[in-house]
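*Asks:* sequence below, structure please.
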Amino acid sequence: MKTYGLIGFPLSHSFSKKYFTEKFLNEGIVNHQYELYPIEHIKSLPDLLSNNESICGLNVTIPHKVSILPFLNEIDEAAEKIGAVNCICVKRFQGETYLKGFNTDAYGFEKSLSPLLQPQHTKALVFGDGGAAKAVKYVLEKLGIEYQVVVRKATENAILYSKVTPDILASHKLLINTTPLGMSPNVDTFPEIDYSQIGDQHLAYDLVYNPLETAFLLKAAAHGAVIKNGLEMLHQQAEKAWAIWNK
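*Replies:* Model prediction:
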């Protein structure tokens, strides 16, 4: 039996378990299972691996994407530049366990965003500056798209929502929400910007996928913007993880 799983805390709902369980079933992949491992402290990882020797790969979610780094033998270039890991390949050889970390969030975001980009999307506003924003900023830099981070509490490299002027919205045609605003059950929350300044040249992308259309996306669409939620990003990063585990 080959086991894959998700580590994080808490793990009340998991896209990954549903996705991979259905994948194994639909594609006739036998002797494979996907489990949830709600570990509160990352120092529990070595025990988890030694007690579950069938584990071949893990997805990593909040709050362990950064704290897991010291436990890894190697990380790929994207994970190193982003400073966060969300996928681990587990290899065992002569009693030793070798862990390599990857960041598939960046891959998933780039694959889902790129087909929607138009010539006017040269500047982006990134709402939020947490862990999810790290992968987004990495991809924007890779694609040569300038960005301005927008936050609720002032920091050195970001501006406040109150400072997002009509001129800034006019020049930044790509809007990306990396915050949990709008995520179920808090579906009435959204980035506090002037949506009347948005038009059909804008692209609004929300990493949230539950609900499929957040208040942010609905408000942007009402003013003509093209919209995209985070579901395809998740599918893409899950398939990338599967490719990594089977390489």
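*Asks:* for this protein, which helix is longest?
*Replies:* The longest helix of the chain (DSSP state H) is helix 231-245.
*Asks:* go through that helix and flag the buried ones.
*Replies:* When neighbours are counted by 16 or more other C-beta atoms under 10 Å, the buried residues of helix 231-245 are found to be 231-242, 244-245. In this view, the C-beta of every residue, glycine as well, is placed from N, C-alpha and C.
*Asks:* again with stretch 183-194
*Replies:* Using 16+ other C-beta under 10 Å as the test for burial, stretch 183-194 gives 183, 187, 190-191, 193.
*Asks:* what do you get for stretch 20-29?
*Replies:* Within stretch 20-29, the residues that count as buried by 16+ other C-beta under 10 Å are 20, 24.
*Asks:* alpha carbons of that stretch, as CSV, please.
*Replies:* Extracted in CSV, the C-alpha atoms of stretch 20-29 (Å, rounded to 0.1, in the frame of the first residue of the first chain):
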residue,chain,number,x,y,z
PHE,A,20,-7.0,12.1,-4.5
THR,A,21,-9.5,9.5,-3.2
GLU,A,22,-11.7,10.2,-6.3
LYS,A,23,-8.7,10.2,-8.6
PHE,A,24,-7.6,6.7,-7.3
LEU,A,25,-11.1,5.4,-7.7
ASN,A,26,-11.8,6.9,-11.2
GLU,A,27,-8.4,6.0,-12.6
GLY,A,28,-8.3,2.5,-11.2
ILE,A,29,-5.2,3.2,-9.1
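*Asks:* about what we covered before: elements contacting the longest helix of the chain?
*Replies:* On a contact count with 3 or more C-beta pairs under 8 Å, 6 or more residues apart in numbering; DSSP states H and E, helix 231-245 meets helix 15-26, strand 55-60, strand 87-93, strand 96-102, helix 104-113.
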